[in-house]
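Colleague: Give me the fold of what follows.
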Amino acid sequence: MNNKTSSFLWNLRQLSTSVPKSRTLGFRTPKNAHSNQKLRNLLLNYFHDRMQTSIRYLFQGPFILKSGYSVFQTKDLSNVTVFKVDRLLCSRSLSIDSTHSLVSVGTSDNELKKVNFHHEASGEDMFTKGTKPTPVTSRKLSEECNSLCDVLDIFSKAPTFPSSNYLSAMWTIAKRMSDDQKHFEKQLMFNHPAFNQLCEQTIREAKIMHYDHLLFSLHAIVKLGVPQNTLLVQTLLRFIQERINECDERCLSILSTILEAMKPCKNVHVLRAGLWILVDQQVWKIERVFTLQTVMKYIGKDTPVALKRKLEMKALKELDRFSVLNSQRMFEVLAAMNHRSVILLNECSKMVIDNIHGCPFKILISILQSCKDLRYQNLDLFKGIADYVATTFEIWKLKQVLFLLLLFENFGFRHVGLMDLFMKKIVEDPSFLSLRSIVPILHVYSSLNHFCDSQDREFLEIMASALTGCLHHISSENLLSAICSFCVINYFPLAPVNQLLQKSVINELLTSGNIERNVHKLHIVDTCLKLDDTPYQKTKDISLPPQPSPPPRPNAEITEALTSLLGGEGYFSKDVQLPHNYHIDFEIRMDTDRSQVLSFSDIDVTSATNMQRVAVLCVPRSVYCLDSNHPRGFFAVKIRHLNAMGFHVILVNKWELEKLKMEDAVTFLKTKIYSVEALPSADANLQSTY
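Modeller: All right, here's what the predicted structure looks like:
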């Protein structure tokens, strides 16, 4: 059966099910326009009768179209969001009241010229033609036309059913345009005399067109910028609500895409709730992985958790059918749904790693960004991506590699090979450096505390020279960020630091922008200038507001272990606050050989010159780079400054100590606190303490 016959029979079936049963209608092939006129009048009269009682609850004012498309509006729009999903009932009671129509505005909003809904221009109405116009498809229209107005011109000459073909073609053409061209074309479209006619025909056909065409119409209308509070959009929304039981697998993906593009309103909220119910009913019947992922991506972050888990289980069931593209896309899908499925992410990560070669840059960025949004860390995945970029380094632009490094920095992931290659490239070709790249490069290398022994000095000099060349147009906050990164790296470029220390710059940082963040960075700079080996120690004194002291962090297990190891709490001090807002968890005082612990109560001993102060820091995983013991930037600065203040620093990893029994914890701390040479002699003295 060809398409023309199928379409005619479908429309005939719709008509036969909608008219009263007491009336018998016989349809023959129309021989003249008079018989078509009867069919037209019958359809429109029926739509008119059914409309009177329903549309008034939805809209209390007309659809207004002014000369500019940005002023679409609906006066006193009221929505009734009564919705029910019933597999046995598909309500189609909503029609269009002839008193509510699209109107054009002449001189003012109060002088509305109403357009007759029944289209008196019989030469342009598809129901009044003796000869049916040649069918057109959206693909054919989009290929033959170069602008939105071209499509409207074709429509005005010979409108054909369905109107969704014209709307879809217009959106396809618009997608090919630049933003400026698209903006201009939309203005021409809204001013085109046939656009009102197309909107009217879309509303009239909404009752009888296929459900997927109805969805395509709304999708194109929304994407083309028709305001959401118009009669056209809200009417289509209501028809989609009432006919939602006609939604098949293909329509599910279209409907979810539409809802994602629309702003919240009552009708959208009700339709989304209906989509949730429908997806919950049909999730196990979805056959195509692409449809499943589209529904998951656009179903909404506020979807009930139970439905998210059901969709997750469906995706896990379909894992064997996942293509490489499906696996790559799954990260973005889960991030859009705000559902962290570690099992699904792990399985997709394996396929991504195995097929990493040839993966486009856009996909790599999407995967890493989604991992960031989902707080998902997979070291093998990160290594696989970084190894691939390092192996194919020459094919990538430096700005692409920098973007990847910034994403890796968010996870605390330090890939030595890739960072060394990037540093080498900067040294070889400093022309890449600009104000937009200097600050993020310094941030990445200082945050991950990365140095390459053979190149770090030359790299820092090149970065400092590039920053100096930008001083005449750099903002105060960018200057502060760059200098703070240099200070973390323990490098102090003369000209940039001098400019930052000017009173006018300091005052600007303390009175504008993110003041709290600026104060924190200024404290770091001030501390580095005072404690590190710099020429600024005595020449500059920055007056800054005080920072709040960090709250005490109880470490009951370590306190008990130290008490057992050292012989009492008199041999150590807890929660010690030091100058420059530094805090240490425990302080122990020992002899210089770190073989004997000294009591805090013995004043003479504590004032002796042969005393070594020991700082015990209980640290979480976040102070290290991912899956390593390499300290990150600010923590490395703290260790450096504690050493400068005369402390020997001992790091105790919390997650390691929490796994140990008390006896093992005491042994673990003993090996940390006492020097290797002192351990044998310490065993005899400390055996009775644990």
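
Colleague: From residue 552, how far out is residue 558?
Modeller: Look at residue 558 and residue 552: by C-beta to C-beta, to the nearest Å, they are 13 Å apart. Placement of C-beta: from N, CA and C, glycine included.

Colleague: residues touching residue 524, list them.
Modeller: Residue 524 is in contact with 484, 487, 488, 634, 637, counting by C-beta atoms under 8 Å, 6 or more residues apart in numbering.

Colleague: How about residue 405?
Modeller: With C-beta under 8 Å, 6+ apart, residue 405 has these contacts: 418, 419, 422, 444.

Colleague: what about 6 Å?
Modeller: Each residue near residue 405 by C-beta atoms under 6 Å, 6 or more residues apart in numbering is listed here: residue 444.

Colleague: mind listing the helices in the stretch 151-300 of the chain by residue range?
Modeller: Secondary structure of the stretch 151-300 of the chain by DSSP state H, counting those that start in this stretch: the helices cover 164-175, 179-191, 193-205, 211-223, 231-242, 249-261, 266-282, 289-298.

Colleague: Specify which member of the contacts of residue 524 is nearest to residue 245.
Modeller: Closest approach to residue 245 among the contacts of residue 524 (C-beta to C-beta): residue 634, at 58.2 Å.

Colleague: Would you mind listing the buried residues in whatever helix or strand that closest one lives in?
Modeller: Assigned by DSSP states H and E, residue 634 belongs to helix 633-644. Along helix 633-644, these residues count as buried under the neighbour rule (16 or more other C-beta atoms under 10 Å): 633, 635, 636, 637, 638, 639, 640, 641, 642.

Colleague: Next, find the distance separating the closest residue to residue 303 other than its chain neighbours from residue 341.
Modeller: Spatially, and ignoring its direct neighbours in sequence, residue 303 is nearest to residue 276 (6.3 Å; C-beta to C-beta, 6 or more residues apart in numbering). Separation of residue 276 from residue 341 (C-beta to C-beta) stands at 19 Å.

Colleague: and whatever helix or strand comes next after the helix holding residue 634, which strands flank it?
Modeller: Along the chain past helix 633-644, the next helix or strand (assigned with DSSP H and E) turns out to be strand 647-653. Sheet pairing of strand 647-653 (DSSP bridges) gives strand 611-619 (parallel).

Colleague: neighbouring contacts of the partner strand?
Modeller: Residues outside strand 611-619 that contact it (C-beta under 6 Å, 6+ apart): 555, 558, 584-586, 588-590, 592, 594, 642, 646-652, 654.

Colleague: Quick one: buried ones out of the residues you listed?
Modeller: 555, 558, 584-586, 588-590, 594, 642, 647-648, 650-652.

Colleague: For the chain, name the helix or strand with the lowest mean pLDDT.
Modeller: Within the chain, no helix or strand scores below strand 112-114, which has a mean of 32 by mean pLDDT, DSSP states H and E.

Colleague: next helix or strand past that strand?
Modeller: helix 138-144.

Colleague: buried stuff in that following helix?
Modeller: For helix 138-144, using 16+ other C-beta under 10 Å, the buried residues are 138, 141, 142.

Colleague: neighbours of residue 360, just the number please.
Modeller: Residues near residue 360, counting by other C-beta atoms under 10 Å, number 9.

Colleague: distance of it from residue 411?
Modeller: For residue 360, the distance to residue 411 - C-beta to C-beta - is 21 Å.

Colleague: And for residue 370?
Modeller: Distance from residue 370 to residue 411, by C-beta to C-beta: 12 Å.

Colleague: Ok, residue 165 next?
Modeller: Separation of residue 165 from residue 411 (C-beta to C-beta) stands at 47 Å.

Colleague: who's more crowded, these two?
Modeller: Under the neighbour definition other C-beta under 10 Å, residue 165 and residue 411 were set side by side, and residue 165 has more, 24 against 18.

Colleague: residue contacts, that one?
Modeller: 136, 137, 138.

Colleague: Spatially nearest residue to it (excluding sequence neighbours)?
Modeller: Closest to residue 165 by C-beta to C-beta, 6+ apart is residue 138, at 4.5 Å.

Colleague: for that neighbour, what are its contacts?
Modeller: 165, 168, 169.

Colleague: how close does it sit to residue 213?
Modeller: Residue 138 is 10 Å from residue 213, by C-beta to C-beta.

Colleague: Residue 449 now?
Modeller: Taking C-beta to C-beta, one finds residue 449 at 59 Å from residue 213.

Colleague: Spatially, which two of the buried ones among the contacts of strand 611-619 are the most separated?
Modeller: Between all members of the buried ones among the contacts of strand 611-619, the farthest pair (by C-beta to C-beta) comes out as 555 and 594, at 21.3 Å.

Colleague: List the contacts of residue 465.
Modeller: Residue 465 neighbours (C-beta under 6 Å, 6+ apart): none.

Colleague: what do you get if the cut-off is 10 Å, keeping everything else the same?
Modeller: 430, 433, 493, 495 (C-beta atoms under 10 Å, 6 or more residues apart in numbering).

Colleague: from what I can see the first one touches residue 467, true?
Modeller: Spelled out, it's residue 430. No: applying C-beta atoms under 10 Å, one finds residue 430 not in contact with residue 467, separated by 11.6 Å.

Colleague: Comparing these two, which residue is more hemmed in?
Modeller: With neighbours defined as other C-beta under 10 Å, residue 430 and residue 467 compare such that residue 467 has more, 25 against 13.

Colleague: wait, doesn't the more buried one sit right on residue 479?
Modeller: Yes: counting by C-beta under 10 Å, residue 467 sits close enough to residue 479 to count as a contact (8.2 Å).

Colleague: which residues do the two both contact?
Modeller: Common contacts of residue 467 and residue 479 (C-beta under 10 Å, 6+ apart): 439, 496, 499.

Colleague: State the distance from the last one to residue 476.
Modeller: What it means is residue 499. Taking C-beta to C-beta as the measure, residue 499 falls 9 Å from residue 476.

Colleague: swap in the second one?
Modeller: Applying C-beta to C-beta, one obtains 12 Å for the distance of residue 496 from residue 476.

Colleague: circling back: from the contacts of residue 465, pick the one nearest residue 262.
Modeller: Nearest to residue 262 out of these is residue 433 (C-beta to C-beta; 43.8 Å).

Colleague: Can you get me a residue count around the closest one?
Modeller: 19.

Colleague: go on, residue 631?
Modeller: Other residues lying near residue 631 total 19 when counted by other C-beta under 10 Å.

Colleague: same check, this time on residue 161
Modeller: Neighbours of residue 161 (other C-beta under 10 Å): 18.

Colleague: And the pLDDT at it?
Modeller: Listed pLDDT for residue 161 reads 88.
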